[in-house]
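Asks: here is a sequence together with a model predicted from it:
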Amino acid sequence: MAQESETPLLAVRDLRTWFHTFSGVVKAVNGVSFEIGEGEVMGLVGESGGGKSVIGFSVLGLIDSPGRIEGGEILFDGEDLAQAGEERLRHIRGRHISMVFQDPMTSLNPLHTVGRQMDEVLRLHTDLGAAERRKACIDMLESVGISRAAERLKAYPHQFSGGMRQRVVIAIALLAGPRLIIADEPTTALDVTIQSQILKLMRRQIAEKGASMILITHDLAVVSEMADHITVLYCGKVVERGRTRDLIESPAHPYTRGLIDSIPDPAARHDRLRQIPGSVPDIRALPKGCNFRERCPRAQALCAETEPDLTKQHRSLWAACHFPLVPGDVQ
Amino acid sequence: MLGYLLKRLIQMILVLWVVSVIVFLMMSFTGDPVFMVVPIDATDSEIAQARRLLGLDQSLPVQYWKFLSSIVQGDFGRSYVFRQPAMTLILERLPATVEMVLVAMGLAVLVAIPLGVYAGANPNGRLSRTIMAGSLLGISLPGFWVGMVLIYLFAVHWGIFPSSGRGDTGEIFGLRISLLTLDGWHHIALPAITLSLGTMAILLRMTRAGMMEVSRQDFMKFARAKGVPRKDVLYGHGLKNALIPVVTIFGLQLGDLIAFATITETIFSWPGMGKLLIDSIYRADRPVIVVYLMLVALIFVVINFIVDLVYTLIDPRISLK
Ligand SMILES: Nc1ncnc2c1ncn2[C@@H]1O[C@H](COP(=O)(O)OP(=O)(O)OP(=O)(O)O)[C@@H](O)[C@H]1O
Ligand code: SF4
Ligand SMILES: [Mg+2]
């Protein structure tokens, strides 16, 4: 048992996923490493274009041309998925690793009934008979909070609201009992009250099933409630990672600090939201040195010269910064 | 549902009525058919007599009323040339045309759908480019030329297929059908291929465009993320979503080929309606042309209705209204 917890469920090492477009090579993910243990929830955060979704799709082998996994390892239970063939990946997708997409309005096939789309997973990944599969689908729909489940199996996606559809998508993701769930901004497209319902639902299901989860979001408030660990991405690289509490309480990287400061705080309504100044640089033409330099309040001459490596910081944190924050610092 | 059917029926009748008016007017203003029935040396009184017999001496509205009431009763008059009911003439030849068109459409679908799906799913592949180039040829080559080349190669040069005629037919429900005999298939092959190329190319391009559009959709990726095999993602999830425009074009082409297979029928001496139409136009055989045009209108109206029904089978969001 102790041995097992030493090998993480998923270990991504130096992953590089690039897109070879007409206007240049987009190094969407460029040397990313992280680990997730059994039953853990890892938050993957960062601004739009940081490479979060691309990491999720890379793990499942769903990168299409012009994209390619250029290098690195994706060790799932010790097996390198970056080297696995399509057949093997197909067996893993939906069965051992499943995914929840950002937009529930578009992730279900509009022409198939909900029942058929659920049944498909069980048909592909289990030996259950038709009656057993139906029962499993009904049970799963009920456990994600959809009433009159037997009836709803016959319904089409357009007969469901967005929140209900995301519940269906989550039900599909959980059906075959996967060990890892990649949730790519599962609630961004939903309104706030539904958001928290769905998140609670996911947390409960994950805990019940003992599954692990990568929770992708640009909303630090959401991950800080759900995740054990957080990995912060910027321009396709990990700029900081560590335990949720350490990272939220006193981040070492100025970018993380900026993200935290831009969380709207309901308690301090009068305090104007502090956005990170500037915008994400063009990933096809990154400047020399630290990618965050043009937006960083702590930048110095060195930052324009050499790119900082991920190094150990206070507590559980690792950050890629020449002049990291330490606890007590005010930026 | 019943209300819908009723509405559609009224709509169809309306369309057919409008067509009948157009056909009638067209006939009235083009040539005088009386000269087709009287001998060349007929006297004025003989001509007047024939006019009376044909009802051509009455005013237009009266003529139209007579025309309408007789076609409503299914009486389209006798062919001036064959002296047989025009309807019978057409119906005798309809099966030959329809079966050739059905074989052509079947062939077109069988080739166009898989190639279109492939080309849509791999838009940048070399094979896809070849397919698309081929489809451009299929669209741009004129049917008569293709027919002649096929005849030259397969009938004259290699002698594997007959160049003309319908061959043996079998009978079922009183209809003479080529597809019941081997010889019939042998004869139908070349004309059907000739007829299918254009439609094949159009359907292929529609399928490809649809698949390219669908491939970008999230649910396709989600299906893959569930572990669905690629082929099932394409055919099970993708194709159905790409099908609406394909079915639309299919319906139009089907009607079009039945109505205007004339050129192919002429080249291959296929004894279908098209050839009869050409002959009838040539001889101003008015009743036959009228039946033909009304039948074509009816076929289009019915196909249109079926296509609408098929939409609802494909997409649950489309309802009969
Ligand atoms: N198919 C593709 N072709 C070219 N570039 C791509 C493709 N997919 C993603 N990228 C690029 O990769 C980078 C990372 O994209 P990704 O979707 O992972 O960002 P993200 O962090 O998920 O952002 P968001 O919060 O907007 O979802 C972006 O710059 C994007 O333009
Ligand atoms: S390395 Fe320099 S520019 Fe980059 S985050 Fe650290 S302080 Fe800012
Ligand atoms: Mg994303």
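Replies: Sure thing, it's come through. Residues are numbered from 1 along each chain as shown, chains lettered A, B, ... in the order given. Ligands and ions are numbered 1, 2, ... in the order given.
Asks: got the residues of the stretch 101-250 of chain B near chain A?
Replies: Applying Cβ under 8 Å from any Cβ of the partner chain, we find that the stretch 101-250 of chain B lies next to chain A at B:124, B:217-219, B:221-230, B:237, B:240-241. Every residue, glycine included, has its C-beta placed from N, CA and C.
Asks: which among these end up buried?
Replies: B:217-219, B:221-228, B:237, B:240-241 (16 or more other Cβ atoms under 10 Å in any protein chain shown).
Asks: max-length helix in chain B?
Replies: In terms of residue count, the longest helix belonging to chain B (DSSP state H) is helix B:86-121.
Asks: got the buried residues for that helix?
Replies: Buried, per 16+ other Cβ under 10 Å, within helix B:86-121: B:86-87, B:89-90, B:93-105, B:107-109, B:111-113, B:115-121.
Asks: who touches the nearest residue to residue A:84 once chain neighbours are set aside in this structure?
Replies: In this structure, residue A:84 finds its nearest non-sequential neighbour in residue A:61, 6.8 Å apart by Cβ to Cβ, 6 or more residues apart in numbering or on different chains. Residue A:61 is in contact with A:81, A:84, A:86, A:89, A:93, counting by Cβ atoms under 8 Å, 6 or more residues apart in numbering or on different chains.
Asks: on the three-state scheme, the residue lying closest to the last one once chain neighbours are set aside is what?
Replies: In space, not counting the residues next to it along the chain, residue A:93 is nearest to residue B:227; the distance is 4.0 Å by Cβ to Cβ, 6+ apart. The three-state assignment at residue B:227 reads coil, by DSSP: H, G, I helix; E, B strand; the rest coil.
Asks: same check, this time on the one 10 residues further on
Replies: Assigned with three-state DSSP, residue B:237 falls in the helix class.
Asks: for ligand 1, what is the nearest residue in the stretch 151-300 of chain B?
Replies: Distances between the stretch 151-300 of chain B and ligand 1 by Cβ to the nearest ligand atom are smallest at residue B:216, namely 9.9 Å.
Asks: what about that residue, how many neighbours?
Replies: 8 (other Cβ atoms under 10 Å in any protein chain shown).
Asks: about what we covered before: so which of the buried residues of helix B:86-121 also contact ligand 1?
Replies: For ligand 1, no contacts are drawn from these by Cβ under 6 Å from any ligand atom.
Asks: one step back: do you know the pLDDT at the residue of the stretch 151-300 of chain B closest to ligand 1?
Replies: Here the pLDDT value assigned to residue B:216 is 91.
Asks: now swap in residue B:107 and tell me
Replies: On the pLDDT scale, residue B:107 is placed at 97.
Asks: in space, what's closest to it - neighbours in sequence excluded?
Replies: residue B:196 (4.5 Å).
Asks: hang on, isn't that neighbour packed against residue B:110?
Replies: No. Contact between residue B:196 and residue B:110 fails when scored by Cβ atoms under 8 Å: they sit 9.3 Å apart.
Asks: and the gap between the closest residue to ligand 2 within the stretch 51-200 of chain A and chain B?
Replies: Per Cβ to the nearest ligand atom, residue A:51 is where the stretch 51-200 of chain A lies closest to ligand 2, at 17.4 Å. To chain B, residue A:51 is 17 Å away according to Cβ to the nearest Cβ, to the nearest Å.
Asks: and that residue, how far is that from residue B:274?
Replies: Using Cβ to Cβ, to the nearest Å, residue A:51 is found at 62 Å from residue B:274.
Asks: strands of the chain, start to end?
Replies: Going with chain A. A:10-21, A:24-36, A:41-45, A:67-76, A:79-80, A:97-100, A:180-184, A:212-217, A:229-234, A:237-243, A:310-312, A:318-320 (DSSP state E).
Asks: please go with chain B instead
Replies: Counting by DSSP E, the strands of chain B are B:170-172, B:175-177.
Asks: can you pull the contacts of the nearest residue to residue A:49 once chain neighbours are set aside?
Replies: Ranked by Cβ to Cβ, 6+ apart and with sequence neighbours excluded, the top spatial neighbour of residue A:49 is residue A:280, at 5.5 Å. If you count contacts by Cβ under 8 Å, 6+ apart, residue A:280 has them with A:47, A:48, A:49, A:50, A:234, A:235.
Asks: for the first one, what are its contacts?
Replies: For residue A:47, the contacting residues are A:218, A:234, A:259, A:276, A:280, by Cβ under 8 Å, 6+ apart.
Asks: restricted to helices, list those residues.
Replies: If you go by DSSP H, these have residue A:259 in helices.
Asks: need the contacts of residue A:47 in a markdown table with pLDDT, can you?
Replies: Output for the contacts of residue A:47, formatted as a markdown table (pLDDT from 0 to 100):
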| residue | pLDDT |
| --- | --- |
| A:218 | 84 |
| A:234 | 95 |
| A:259 | 92 |
| A:276 | 84 |
| A:280 | 86 |
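Asks: pick the one among the contacts of residue A:47 closest to ligand 2.
Replies: residue A:234 (8.8 Å).
Asks: tally of neighbours for the nearest residue in space to residue B:56 that is not next to it in sequence?
Replies: Of all residues not flanking residue B:56 in the chain, residue B:34 sits nearest, at 6.0 Å (Cβ to Cβ, 6+ apart). Neighbourhood size, residue B:34 [other Cβ under 10 Å]: 21.
Asks: am I right that residue B:34 is in contact with residue B:50?
Replies: Yes. Applying Cβ under 8 Å as the test, residue B:34 and residue B:50 come out as touching, 5.3 Å apart.
Asks: buried set for stretch A:215-224?
Replies: For stretch A:215-224, by 16+ other Cβ under 10 Å, it's A:215, A:216, A:217, A:218, A:219, A:220, A:222, A:223, A:224.
Asks: from residue A:230, how far out is the third one?
Replies: This points to residue A:217. For residue A:217 relative to residue A:230 (Cβ to Cβ), the value is 10 Å.
Asks: what of the last one?
Replies: Distance of residue A:224 to residue A:230, given as Cβ to Cβ: 8 Å.
Asks: now do the shared contacts for these two.
Replies: A:43, A:244, A:248.
Asks: buried ones among these?
Replies: In the shared contacts of residue A:224 and residue A:230, burial by neighbour count holds for A:43, A:244, A:248, counting by 16+ other Cβ under 10 Å.
Asks: give me the number of residues near residue A:259?
Replies: Residue A:259 has 25 neighbours, counted by other Cβ under 10 Å.
Asks: my bad, residue A:324
Replies: The number of residues near residue A:324, taken as other Cβ under 10 Å, comes to 22.
Asks: help me confirm that residue B:240 comes into contact with residue B:314.
Replies: Yes. Between residue B:240 and residue B:314 there is a contact at 6.2 Å, judged by Cβ under 8 Å.
Asks: what residue ranges in chain A score low on pLDDT?
Replies: Flagging of chain A using pLDDT under 70 yields the residue ranges A:1-6, A:265-273, A:330-331.
Asks: quick one: the residue minimising distance to the centre of it from residue B:302, how far?
Replies: Nearest residue to the geometric centre of chain A (Cα atoms, centre = their mean): residue A:216, 2.6 Å. Relative to residue B:302, residue A:216 is positioned 53 Å away (Cβ to Cβ).
Asks: what's near enough to touch the nearest residue to residue A:118 once chain neighbours are set aside?
Replies: Among residues not flanking residue A:118 along the chain, residue A:137 sits closest, at 4.4 Å (Cβ to Cβ, 6+ apart). When contacts are counted by Cβ under 8 Å, 6+ apart, residue A:137 is found next to A:115, A:118, A:119, A:122, A:149, A:153, A:171, A:175.
Asks: and which of these is nearest residue B:159?
Replies: For the contacts of residue A:137, the minimum distance to residue B:159 (Cβ to Cβ) is 54.5 Å, reached by residue A:119.
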